[in-house]
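[1] I would like the atomic coordinates for the input below:
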Amino acid sequence: MIFKIRPMLRFIFLLGLFSSIAFGAEKSNSKANYQATERYYQNIIRQASVPIAELQQFIHYLPKGGDIHHHYVGALYAETYVDWVEQKGYCIYRNNFKIETQLEANQGNSSKECISVSQLRADSLLYNRLLQHWSDKDFNNQLPSDQQFFSTFAYFFPIAYSYNRAGLEIIKNRALDENLQYIETTFMLSPSKGDKKVDQKLRTLNTNRDDLVINQTLDSSFADFQLDKDFQVAISDYVKEIDDHFSQVNDSLFTVKAQAYALRNEEPDIFFARLYASFVASQKSTNIVGVNIVGPENEFVSMRDYSLHMKMARFLKQKFPSTKLSFHAGELALGMVPPEGLRSHITEAVQVAGVDRIGHGLDIIYERNFNQLMQEMKQKKIAVEINLTSNEFITKISGQSHPIALYEKNGVPIVISSDDEGVSRGSIGQEYLLYLTRYKPSYATLKKTIYNSIEYSFLSKQEKAAQIEKLNNKFAQFEAKISLFH
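    Residues are numbered from 1 along each chain as shown. Here you go, the predicted model:
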């Protein structure tokens with residue numbers, strides 16, 4: 001018996017030894033591949049005149065993890081929406097480029113001002129003018145840049161949700177082309193109260209009201225919402241629509257999740273109803289992973305009610321403590337609003353609403369006690385979503401004026417994201433090109449920033465682990481290829 005066991009032990013020992021050697025070789029190769037990739041990258045990025053085409057090639061194959069500041073409607077290019085107008089049989093007014101959503105609207109219109117898509121495309125000048133209205137293409141200062149950016153949505157919004165499955169497939173295929181494995185998007189605006197009645201209790205609230213009065217009013221409205229069967233059905237329908245669409249798109253190669261959201265430029269009663277619906281929806285589906293607040297931050301209502309919005313979010317966070325929050329905050333520059341309007345938005349998002357991430361965060365240097373605020377963000381691991389293209393277009397903040405280096409220097413985690421790549425006519429690859437050429441991070445920093453896009457996502461712990469493992473494999477393959485050819 002002893003004679004038979006010893007050969008088996010010897011075999012097990014040798015198997016373990018060979019496995020250890022193989023593991024050590026794999027680990028050694030992995031380290032060598034990393035170092036070779038690092039050298040190649042540094043050779044490109046340190047040149048006085050960076051070879052952009054070569055860097056673009058590097059970025060094309062670079063695993064990019066996730067895009068976690070992304071808007072579905074703004075991500076689709078204007079050309080896609082024109083295709084959908086044609087499929088619906090709608091027409092477009094030649095004088096203002098608005099969509100007429102009545103079928104065959106041109107019939108009986110003697111002026112023929114509402115033209116078909118085929119007529120539009122036949123006039124190349126007119127078609128190009130439409131693209132200029134529906135996106136930032138060839139921007140020539142006819143409007144202030146921030147107004148141009150946000151005004152585009154009104155043009156294509158009537159058609160935006162007509163072909164959701166097709167739209168998600170476009171976004172998925174583009175992501176796969178760019179070596180992007182995960183997107184967290186604001187997909188559909190959360191529902192408001194279906195009866196359209198004005199809630200005077202909420203509408204009369206303002207930032208200057210006592211917190212006790214605000215909380216009592218919110219508590220009363222919250223109870224009404226809970227008992228409103230029609231509103232609850234609307235929220236359930238909203239969740240079902242997202243679940244239906246996303247379940248058909250997600251697979252082993254690509255994952256998309258939604259953030260429910262409210263618009264900050266709506267009146268307090270409508271805003272609070274949408275924010276409530278967003279929180280409730282995020283509890284009902286694993287496809288809805290967080291809550292956001294979006295919209296032009298410098299508009300009158302947005303500025304007037306900003307502090308009230310943060311208090312509403314705090315109230316709902318107490319009701320639904322597991323909800324993840326990523327709010328647009330600090331998407332402002334001096335001149336867009338008075339200096340006083342730059343002092344507290346990021347602070348309130350962090351300290352009042354209790355956000356997990358900040359979108360944009362451009363006015364950090366104007367915040368009161370901004371050094372302490374950044375240390376708090378570092379300690380709480382509140383990441384900042386950096387959107388270089390839209391930041392430059394909307395606020396004129398770019399290059400060394402952008403706080404990205406300040407965040408990194410203070411240990412605040414950052415992620416690179418696309419925002420509205422259709423409106424901006426860009427891509428996630430373009431965002432990384434700007435990041436690398438303007439700020440020239442080390443390869444280690446670049447890789448850490450990419451991993452941040454998964455680490456600071458709102459995925460569940462298990463989903464996050466799976467995405468990180470996938471990203472590990474992608475980087476292993478990427479670095480092996482770089483080391484082989486370079």
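
[2] domain parsing for the protein?
    Split into domains by automatic domain parsing, the chain comes to 78-158, 167-477.

[3] okay, those, which one's buried deepest?
    domain 167-477 (a mean of 19; mean count of other Cβ atoms under 10 Å). Placement of C-beta: from N, CA and C, glycine included.

[4] check which helix or strand covers residue 167.
    Assigned by DSSP states H and E, residue 167 belongs to helix 164-177.

[5] same question but for residue 447, I mixed them up
    With DSSP H and E as criterion, residue 447 is part of helix 443-455.

[6] neighbouring contacts of that helix?
    37-38, 41-42, 62-68, 182, 383, 408, 413-417, 435-436, 441, 464, 467-468, 471, 475 (Cβ atoms under 8 Å, 6 or more residues apart in numbering).

[7] which element follows that helix toward the C-terminus?
    helix 461-485.

[8] using JSON lines, lay out the domains of the chain together with mean pLDDT and distance to residue 29.
    Below are these laid out as JSON lines (pLDDT from 0 to 100; distance: least, Cβ to Cβ, whole Å):
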{"stretch": "domain 78-158", "mean pLDDT": "84", "distance to residue 29": "43"}
{"stretch": "domain 167-477", "mean pLDDT": "96", "distance to residue 29": "9"}
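
[9] out of the ones you listed, flag the one nearest residue 53.
    domain 167-477 (10.7 Å; Cβ to Cβ).

[10] residue boundaries of the strands in the stretch 201-350 of the chain?
    255-263, 288-294, 326-329 (DSSP state E, counting those that start in this stretch).

[11] just put the ones you listed in CSV and tack on distance to residue 399.
    CSV is the format used below for these (distance: least, Cβ to Cβ, whole Å):
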stretch, distance to residue 399
strand 255-263, 29
strand 288-294, 26
strand 326-329, 22
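
[12] which residue lies nearest the spatial centre of the chain?
    Most central in the chain under Cα atoms, centre = their mean is residue 69, positioned 1.5 Å from the mean C-alpha point.

[13] tell me the secondary structure of that one, please.
    strand (DSSP: H, G, I helix; E, B strand; the rest coil).

[14] so what's it up against?
    184, 326, 359, 385, 387, 415, 417, 418, 419.

[15] wait, the second one touches residue 458, no?
    Yes. Checked against Cβ atoms under 8 Å, the pair residue 326 and residue 458 is within contact range at 7.4 Å.

[16] now do the shared contacts for these two.
    Common neighbours of residue 326 and residue 458 are listed as 68, 259, 290, 356 (criterion: Cβ under 8 Å, 6+ apart).

[17] tell me the one among these nearest to residue 32.
    residue 68 (31.7 Å).

[18] give me the distance between the closest residue in space to residue 356 that isn't next to it in sequence and residue 291.
    The spatially closest residue to residue 356, leaving aside those adjacent along the chain, is residue 324, at 5.0 Å (Cβ to Cβ, 6 or more residues apart in numbering). Going from residue 324 to residue 291 by Cβ to Cβ, to the nearest Å gives 7 Å.

[19] overlap in contacts of the two?
    With Cβ under 8 Å, 6+ apart as the test, residue 324 and residue 291 both reach residue 282.

[20] need phi/psi at residue 60.
    phi -60, psi -40 (degrees, to the nearest 10).

[21] okay, strands next: where are they in the stretch 51-200 of the chain?
    Going by DSSP E, counting those that start in this stretch, the stretch 51-200 of the chain shows strands at 66-71, 91-93, 99-100, 114-115, 182-189.

[22] neighbouring contacts of the longest one?
    Among residues not part of strand 182-189, those counted as contacts by Cβ under 8 Å, 6+ apart are 65-72, 75, 161, 171, 175, 238, 241-242, 245, 254-263, 274, 289-290, 292, 294, 453-454, 457-459, 467.

[23] angle of it against helix 461-485?
    Angle between the axes of strand 182-189 and helix 461-485 is 130 degrees (criterion: axes from the mean of the first three to the mean of the last three Cα atoms, to 10 degrees).

[24] taking strand 255-263 as reference, get the angle to strand 182-189.
    Using the same axes, to 10 degrees: strand 182-189 against strand 255-263 is 40 degrees.

[25] just checking: what are the partner strands of strand 182-189?
    strand 66-71 (parallel), strand 255-263 (parallel) (DSSP bridges).

[26] do the third one as well
    Paired with strand 99-100 in the same sheet, following DSSP bridges, are strand 91-93 (antiparallel).

[27] and the partner strand, how far out from the chain's middle?
    With Cα atoms, centre = their mean, to the nearest Å as the basis, strand 91-93 stands 31 Å off its chain's centre.

[28] next: stretch 472-486.
    Worked out by Cα atoms, centre = their mean, stretch 472-486 lies 28 Å from the chain centre.

[29] which residues are contacting it?
    Contacts for stretch 472-486 (Cβ under 8 Å, 6+ apart): 29-30, 32-34, 36-37, 40, 58, 61-63, 179, 181, 447.

[30] ok, now with 6 Å
    Outside stretch 472-486, the residues within contact range by Cβ atoms under 6 Å, 6 or more residues apart in numbering are 33, 34, 36, 37, 40, 63.

[31] let me see the contact set for the first one.
    With contact set as Cβ under 6 Å, 6+ apart, residue 33 has these partners: 479, 480, 483.

[32] what is the neighbour count of the first one?
    The number of residues packed around residue 479, counting by other Cβ atoms under 10 Å, is 24.

[33] which residue packs closest to it, ignoring adjacent ones?
    residue 33 (3.9 Å).

[34] next: residue 398.
    residue 392 (3.9 Å).

[35] in what helix or strand does that neighbour lie?
    helix 388-395.

[36] what distance separates that helix from the centre of its chain?
    Centroid separation for helix 388-395 versus its chain: 14 Å, with Cα atoms, centre = their mean.

[37] send the alpha carbons of the helix or strand following it over as PDB?
    Counting by DSSP H and E, the next helix or strand C-terminal to helix 388-395 is helix 404-409. Output in PDB follows, covering the C-alpha atoms of helix 404-409 (Å, rounded to 0.1, in the frame of the first residue of the first chain):
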ATOM      1  CA  ILE A 404      -8.100  67.200 -13.800                       C
ATOM      2  CA  ALA A 405      -4.500  67.400 -12.700                       C
ATOM      3  CA  LEU A 406      -5.600  69.100  -9.400                       C
ATOM      4  CA  TYR A 407      -7.900  66.200  -8.600                       C
ATOM      5  CA  GLU A 408      -5.200  63.700  -9.400                       C
ATOM      6  CA  LYS A 409      -2.600  65.500  -7.300                       C
END
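
[38] list of residues touching helix 404-409?
    Taking Cβ under 6 Å, 6+ apart as the rule, helix 404-409 contacts 384, 386, 414.

[39] change it to 10 Å
    358, 361-362, 364-365, 370-371, 374, 377-378, 383-384, 386, 388, 391, 397, 403, 412-414, 416, 435, 438-439, 441, 445, 448-449 (Cβ atoms under 10 Å, 6 or more residues apart in numbering).

[40] got it, and stretch 172-179?
    With Cβ under 10 Å, 6+ apart, stretch 172-179 has contacts from 59-67, 70, 75-77, 180-183, 249-251, 253-256, 418, 421-422, 427-430, 432, 474, 478.

[41] please flag which of those residues sit within helices.
    59-61, 75, 249, 421-422, 428-430, 432, 474, 478 (DSSP state H).

[42] any idea which of those residues is closest to residue 153?
    Of the ones in helices among the contacts of stretch 172-179, the one sitting nearest to residue 153 (Cβ to Cβ) turns out to be residue 422, at 10.3 Å.
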